[in-house]
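Provided below for reference: sequence and predicted model.
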Amino acid sequence: MNLQAALPFLLPKAIAWAERESQRIANSGRALTEREQKLAREVGVTRVEQIRIALVDALPLPDDPELRAAALQTGLLGSDTAGLTLGYSIFVCEGYETVRLLTHEFRHVYQYEQAGSIADFLPGYLQQVVEVGYANTTFEKNAQAHERES
């Protein structure tokens, strides 16, 4: 799939999917512990009380075939991905709930806060993913720079 050409058509679907999944976690995910709140504040999150975490066996994939294919092609979602942040909602795969992963994902929450919303964050993020690859985006490099080990 030519992701550069497909992005304008996939973006509204990606935003709608992300907003639905975020709301699902907001309704059923767990709140942060005091220690996790401290870690989130340390990486810049302002509204730590809004963060919710859902522990899952595997990250969800979009039902839409084109959106799912694009997510897998870019490496955004797949068997190697242990966490996914959508606004204040974070998916974490069972067994990967480490300080390092949490601080990485909390930094993504900060990035969403700075953008203002999922709909404001995703266009720039996904454009970078398409242009330079998932691991090379400024967003991923920034999140990696804020990872803590303990």
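Nice, I can see it. Residues are numbered from 1 along each chain as shown.

where exactly do the strands run in the protein?
Counting by DSSP state E, residue ranges of the strands within the chain are 30-31, 52-56, 83-86, 89-93.

How far away from the center of its chain is the shortest one?
On the basis of Cα atoms, centre = their mean, to the nearest Å, strand 30-31 sits 17 Å off its chain's mean C-alpha point.

So what touches it?
Residues external to strand 30-31 that are found in contact with it (Cβ atoms under 8 Å, 6 or more residues apart in numbering): E49, I51, R52, I53, A54, L55. Any C-beta I mention is one placed from the backbone N, CA and C, and that applies to glycine too.

The last one touches G95, doesn't it?
No - assessed by Cβ atoms under 8 Å, L55 is found out of contact with G95, at 9.1 Å.

Centroid-nearest residue for the chain?
A centroid search over the chain (Cα atoms, centre = their mean) returns T85, at 2.4 Å, as the residue closest to the centre.

more neighbours, L55 and G95?
Neighbours were counted for L55 and for G95 using other Cβ atoms under 10 Å; L55 has more, 14 against 9.

Please name the residues that touch that one.
Neighbouring residues of L55 by Cβ under 8 Å, 6+ apart: R30, V92, C93, E94, E97.

Out of those, which comes closest to Y125?
Distance ranking of the contacts of L55 against Y125, using Cβ to Cβ, places V92 first at 19.2 Å.

Look at that closest one and say how many residues are nearby.
The criterion is other Cβ under 10 Å. On that basis, V92 has 21 neighbouring residues.

who's it bridged to?
Per DSSP bridges, the residues bridged to V92 are L55, G83.
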